[in-house]
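Chemist: next input, structure requested:
(one chain, ligands or ions: 1)
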Amino acid sequence: MSDSDKTAELEFNDTSLGLPILSPTLGPDAIDIRRLYADGGVFTYDPGFTSTASCKSTITYIDGLKGELLYRGYPIEQLAEKSHYLEVCYLLLYGELPTAAELEDFEARITRHTMVHEQMNYFFRGFRRDAHPMAIMVGVVGAMSAFYPDSTDVTDPRQREIASIRMIAKMPTIAAMAYKYSLGQPFVYPRNDLDYASNFLRMCFSVPAEDYEVNPILARAMDRIFTLHADHEQNASTSTVRLSGSSGANPFACIAAGIACLWGPAHGGANQAALEMLKEIGSVDRIPEYIARAKDKSDPFRLMGFGHRVYKNFDPRARVMKQSADEVLDLLGIENNETLKVAKELERIALEDEYFQEKKLFPNVDFYSGIILEAMGFPTSMFTPIFAVSRTVGWIAQWKEMISDPEQKIGRPRQLYIGAPKRDYVDVENR
Ligand code: CMC
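Modeler: Numbering: from 1, shown residues only. From the prediction side, this is the model:
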């Protein structure tokens, strides 16, 4: 990044300010307004941060117009095809692709931390059996600070590193435990001879009475889902993690806050909502009815898995996911999948529709992921927990970047107060 000599001149009332313009490696310039209130006595107003960069970052870059996503400069399509999730985790955390020795060491460190504290088993039992696995994830990940208090000091780089490894390693175990708990089945311990994705599938689908043979094709598809969701610059949950972390809160509490934010249907909850919507539509002939509803301003219905704040072109993750859905269903011998048919036809009709074209609404990552996850045997309630497992590394990389950023301050937005002006208290008998 270069801090150019260029300034933006801002004139208002009797004040004239020269605001520095910052030029990033990629993407539009940003006007540095940090001195605006101190020098000009005014705030900016930007609900939803549609025009506000909240930090400088070196991790992920999205070009919404081109439909491009880069992790540390590498296109997501190349990583999805040639790399694998733990290598991508290393890349996101440390900035460069690992050497063979670095990768081996990193994989060994992750693998040795996959078990959770035995006492956690009892913690799970406090939840109702029918609790949504995301509710359990928020609670259990937040509680990790109680089980691992030796890695909560955010001022100690070593503790930050240990907490990071612990979370990436244990998140699949916790998500699988949440699933097993909902089924009334015993928890399955991780196995160190399996890769990250295979281990997760086995912890979800194996039972003591019958072992589970991990299908390598499904493991590859699972790994690709993890990779595609690993990071996505300053999205709502990542910003939540950064904001939580800006107060110095411990990393487990921050990631729990990220999981809570991810759960919403406008964010990570959309994968569950998208598959439920496709099933509700049920058959191709009912699509026009739902397209009409999505366009009707008086109807709150939206096409789930469609649209994005940043992408105004195809979400590149959706392209890979669509191809992966075809491959997985094909390889599993699932022919004539009605949901996939509805998804493809819905996409085709929407992309030809003036409303969706005008508003630049394209399928996003959540549109096809549910079809793959369902084919693997997951219920819809597990879709968002799987997103949380994948995104943990992104949250952590962003949290670590924030902690070591010398410009970092506690996040504290201002507001436009539009409430009652100052007034005197009235005793209850006089109201
Ligand atoms: N179906 C129908 N209309 C839509 C949709 C949709 N899915 N998405 C946006 N619009 C319309 C919206 O009504 C608005 O119209 P108008 O300008 O006439 O008021 C316009 O498009 C812009 O929408 P917005 O809500 O102002 O845009 P946003 O950037 O605030 O919201 C979004 C982005 C992803 C929340 C939204 O597109 C949405 O709700 N999509 C469905 C949920 C979804 O799939 N979320 C997953 C996002 S990708 C994965 C992730 O980040 O977790």
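Chemist: what comes up buried for stretch 34-43?
Modeler: 36, 40 (16 or more other C-beta atoms under 10 Å). For the C-beta atoms, the positions are set from N, CA and C on the backbone; glycine is no exception.
Chemist: show the average pLDDT along that stretch.
Modeler: Stretch 34-43 comes out with an average pLDDT of 95.
Chemist: check contacts around the residue of the stretch 301-431 of the chain at minimum distance from the ligand.
Modeler: As assessed by C-beta to the nearest ligand atom, the ligand sits closest to residue 307 within the stretch 301-431 of the chain, at 2.4 Å. Shown in contact with residue 307 (C-beta atoms under 8 Å, 6 or more residues apart in numbering): 359, 361-362, 364.
Chemist: from the residues you listed, which single one is nearest residue 206?
Modeler: Using C-beta to C-beta, residue 364 is the member of the contacts of residue 307 that lies nearest residue 206, at 32.1 Å.
Chemist: my guess is the closest one meets residue 313, correct?
Modeler: No: here residue 364 lies out of contact with residue 313, judged by C-beta atoms under 8 Å, at a distance of 11.2 Å.
Chemist: neighbour count for these two, which is higher?
Modeler: Neighbour tally, residue 364 and residue 313, criterion other C-beta atoms under 10 Å: the higher count belongs to residue 364, 24 against 15.
Chemist: which residues touch the helix or strand where residue 238 lies?
Modeler: For residue 238, the element it lies in under DSSP states H and E is helix 236-245. Here helix 236-245 makes contact (C-beta under 8 Å, 6+ apart) with 49, 54-55, 154, 231-232, 234, 251, 253-255, 257-262, 264, 266-268, 391, 394-395, 398-399, 402-403, 411.
Chemist: hang on, the earlier thing: show the overlap between the contacts of residue 307 and what lies near the ligand.
Modeler: 359, 361, 364 (C-beta under 6 Å from any ligand atom).
Chemist: contact residues of this structure facing the ligand?
Modeler: Applying C-beta under 6 Å from any ligand atom, we find that the chain lies next to the ligand at 235, 266-268, 270, 294, 302-309, 359, 361, 364-366.
Chemist: shared neighbours, residue 364 and residue 313?
Modeler: If you check residue 364 and residue 313 against C-beta under 8 Å, 6+ apart, no residue is contacted by both.
Chemist: which of the contacts of residue 307 tops the neighbour count?
Modeler: Counting neighbours by other C-beta under 10 Å, residue 364 leads the contacts of residue 307 with 24 neighbours.
Chemist: for that one, what are its contacts?
Modeler: For residue 364, the contact set (C-beta under 8 Å, 6+ apart) comprises 270, 305-308, 311, 315, 317-318.
Chemist: which stretches of the stretch 251-400 of the chain have low pLDDT?
Modeler: Scanning the stretch 251-400 of the chain for pLDDT under 70 picks out nothing.
Chemist: just to revisit the earlier point, so for the helix holding residue 238, mean pLDDT?
Modeler: Helix 236-245 carries an average pLDDT of 98.
Chemist: past it, which element shows up next along the chain?
Modeler: helix 251-262.
Chemist: now do that next one: which elements does it pack against?
Modeler: If you count contacts as 3 or more C-beta pairs under 8 Å, 6 or more residues apart in numbering; DSSP states H and E, helix 251-262 packs onto helix 133-147, helix 157-183, helix 236-245, helix 383-403.
Chemist: can you redo those helices as CSV with mean neighbour count?
Modeler: As requested, those are exported to CSV (neighbours: other C-beta atoms under 10 Å):
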stretch, mean neighbour count
helix 133-147, 21
helix 157-183, 21
helix 236-245, 23
helix 383-403, 26
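Chemist: got those as a markdown table, with distance to residue 332 columns?
Modeler: Formatted as a markdown table, those follow (distance: least, C-beta to C-beta, whole Å):
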| stretch | distance to residue 332 |
| --- | --- |
| helix 133-147 | 24 |
| helix 157-183 | 20 |
| helix 236-245 | 31 |
| helix 383-403 | 18 |
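Chemist: just so I know, which of those lies nearest residue 343?
Modeler: Of all the helices and strands packed on helix 251-262, the one in closest proximity to residue 343, counting by C-beta to C-beta, is helix 383-403 (14.4 Å).
Chemist: I'd assumed residue 85 was in contact with residue 107.
Modeler: No: between residue 107 and residue 85 there is no contact under C-beta under 8 Å: 10.4 Å.
Chemist: so what's the closest residue to residue 229 other than its chain neighbours up against?
Modeler: Nearest non-adjacent residue to residue 229, counting by C-beta to C-beta, 6 or more residues apart in numbering: residue 390, 3.6 Å away. Counting by C-beta under 8 Å, 6+ apart, residue 390 makes contact with 85, 225-230.
Chemist: ok, those residues vs the ligand, which is closest?
Modeler: residue 229 (8.4 Å).
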